[in-house]
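**Q** Sharing a model that was predicted from the sequence below.
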Amino acid sequence: GGRGARRSRGGRGGGGRGRGNRVCTTSGGSGRSSNRRHSAATPPICKFFMQGRCNRGSECRFRHEHDGDGDGRCSATKDDEAYYASIDEAHDGLWLYTGPEGMMLMLDDEDFLLYQEDDWQVDVELTAQQDSSKLLKREDEFVELDPETIMEVGQTLMRDRGLVIASGVLRRVVVNLCPPIVRITRLSEEEMSELMQTKRKGNEHFVAGKYEEAHATYDDALVCVCGHKFYIAPTEQVAEVVNILSNQAECSLRLHKYDEAAHTATDALVLDSYHDKSRIRRAKAELSLYKEEKKSLAYLVQARHDLKEVINNCGSALASETARTLLDEVDEFLEKEKERREEESSRPIDFNMMVRSIDSRCW
């Protein structure tokens, strides 16, 4: 039930209609995917490695390659200020390339629109074969994403249609880094039914304190939606996927798998950045990684950012109270970190500026 297992669910980048018969392969994709999709899963070169600032080594999600004749090694150390400014050190800044089913990575594929159109044509043909009286209409299946109107008009129009745009996608649209048109993803009734049944089994395991079984069952639930990319989808369907991911993150927390918990909570936040439980769970994971695995300052800053988001969202009273309690603990560690650095440094440091630099790139 680990991260590698879920990443194998893969899939193409165009969303589409659920038919309940998708077949996942270890190389990613639905049963009708081709090898040309492989190039889309190749991660970009790590920009921090190119700047000599990446500290993750072989664990980095991005490629460590030089365009020139570099020796392929990172030069930053934990004493360098640049080290603590690296957003790759925490689970922030990766929304462009991650998300459930690797969905954000797919948006970077230069052939995204081509694959999307190809999937659309296949679905039109299959639908006509299954029911000649039923025709798919392009206007019902696609949404144009205009950076100038998406915040004021676009989201209202989607809400009127019972749709929601993933938070990670919305972030890309407003900075004009998203394909201009994206297909709506809809799960079939069969897929949705299987998803909910499996989720309920996972919940039963969780309530019984069987967190390993619950985690694995939630993973099975996510397999039910294999191959789908929830760029734009029905609101209730996205909400269920977010809840499953968030529940799975909680399982990882209780199993003390903090890195996995942070990644899974991030997947949920890519779909819905206002999901308070996922914010809190990611913050707990970041705080535990800092305390128990001696991770860097960036983990504390990301945790603080998440907790402040929960408080600012003005959600449930319980979520706000939990966030404030955790925030007090995070602030205590930040103060101790500041005192330690000032004592150990041989030159003046602007700790607050360092924190603001990291926080400016959190989300």
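**A** Here it is on my side, so go on. Given the structure is predicted, the values throughout are model-derived calculations rather than measurements.

**Q** Can you check which helix is longest in this structure?
**A** In the chain, assigned by DSSP state H, the helix with the most residues is helix 317-344.

**Q** Now do the buried residues in it.
**A** For helix 317-344, the buried set under the neighbour-count rule, 16 or more other Cβ atoms under 10 Å, comprises 319, 320, 322, 323, 326, 327, 330, 333, 334, 337, 338, 341. For glycine as for every other residue, the C-beta is placed from the backbone atoms N, C-alpha and C.

**Q** Give the other helices and strands that it contacts.
**A** helix 276-293, helix 297-313, helix 351-359 (3 or more Cβ pairs under 8 Å, 6 or more residues apart in numbering; DSSP states H and E).

**Q** Try it again at 10 Å.
**A** Judged by 3 or more Cβ pairs under 10 Å, 6 or more residues apart in numbering; DSSP states H and E, helix 317-344 is in contact with helix 81-85, helix 276-293, helix 297-313, helix 351-359.

**Q** re the thing from before, what is the lowest-pLDDT residue among the buried residues of helix 317-344?
**A** Among these, residue 341 carries the lowest pLDDT, at 90.

**Q** isn't that one right up against residue 349?
**A** Yes: applying Cβ atoms under 10 Å as the test, residue 341 and residue 349 come out as touching, 6.0 Å apart.

**Q** Would you mind measuring from residue 353 to residue 338?
**A** As judged by Cβ to Cβ, to the nearest Å, residue 353 and residue 338 stand 12 Å apart.

**Q** where does the closest residue to residue 174 other than its chain neighbours fall, phi/psi-wise?
**A** Excluding the flanking residues, the one nearest residue 174 by Cβ to Cβ, 6 or more residues apart in numbering is residue 147, at 5.7 Å. Here is the backbone geometry of residue 147 (degrees, to the nearest 10): phi -60, psi -30.

**Q** Which pLDDT value goes with residue 147?
**A** 90.

**Q** picking up where we left off before, kindly reformat the buried residues of helix 317-344 as a markdown table containing distance to residue 201.
**A** A markdown table is the format used below for the buried residues of helix 317-344 (distance: Cβ to Cβ, whole Å):
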| residue | distance to residue 201 |
| --- | --- |
| 319 | 26 |
| 320 | 31 |
| 322 | 27 |
| 323 | 30 |
| 326 | 30 |
| 327 | 35 |
| 330 | 35 |
| 333 | 38 |
| 334 | 41 |
| 337 | 43 |
| 338 | 47 |
| 341 | 48 |
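
**Q** nearest to residue 260, of the residues you listed?
**A** Using Cβ to Cβ, residue 326 comes nearest to residue 260 of those, at 19.4 Å.

**Q** Surely that closest one touches residue 285?
**A** No: using Cβ under 10 Å, residue 326 makes no contact with residue 285, being 11.4 Å away.

**Q** still on that earlier bit, what residues does the residue nearest to residue 174 make contact with?
**A** Neighbouring residues of residue 147 by Cβ atoms under 10 Å, 6 or more residues apart in numbering: 154, 172, 173, 174, 175, 176, 177, 178, 180.

**Q** Residue 207 now?
**A** residue 214.

**Q** could you pull out the helices for the stretch 51-200 of the chain?
**A** Remark: helices assigned in the stretch 51-200 of the chain by DSSP state H, counting those that start in this stretch are 81-85, 103-106, 112-130, 138-141, 155-160, 167-174, 189-207.

**Q** on that earlier part again, quick check: the residue nearest to residue 174 vs residue 128, distance?
**A** Distance from residue 147 to residue 128, by Cβ to Cβ: 35 Å.

**Q** Kindly report the same for residue 166.
**A** Going from residue 166 to residue 128 by Cβ to Cβ gives 30 Å.

**Q** Just want to know which of those two has more residues nearby.
**A** residue 166 (27 against 13; other Cβ atoms under 10 Å).

**Q** list the contacts for the spatially closest residue to that one that is not a sequence neighbour?
**A** Once flanking residues are discounted, residue 166 sits nearest to residue 271: 4.9 Å by Cβ to Cβ, 6+ apart. By Cβ under 10 Å, 6+ apart, the residues touching residue 271 are 99-100, 103, 164-169, 230-231, 233, 238-239, 241-242, 245-246, 278.

**Q** and if we set it to 6 Å?
**A** Neighbouring residues of residue 271 by Cβ atoms under 6 Å, 6 or more residues apart in numbering: 166, 230, 238, 242.

**Q** nearest to residue 256, of the contacts of residue 147?
**A** Closest to residue 256, out of all of these and judged by Cβ to Cβ, is residue 172, at 33.7 Å.

**Q** Now do the contacts for the closest one.
**A** With Cβ under 6 Å, 6+ apart, residue 172 has these contacts: residue 178.

**Q** Please report the distance of it from residue 146.
**A** 13 Å.

**Q** so where's the stretch 1-150 of the chain shaky on pLDDT?
**A** 1-63, 65-98 (pLDDT under 70).

**Q** 50 instead?
**A** 1-13, 19-41, 51, 53, 67-96 (pLDDT under 50).

**Q** Where does the prediction get shaky in the stretch 151-300 of the chain?
**A** Of all residues in the stretch 151-300 of the chain, none has pLDDT under 50.

**Q** try it again with 90
**A** 151-158, 171-172, 174-177, 224-227, 293-298 (pLDDT under 90).

**Q** where's the residue nearest to residue 166 relative to residue 287, distance?
**A** 23 Å.
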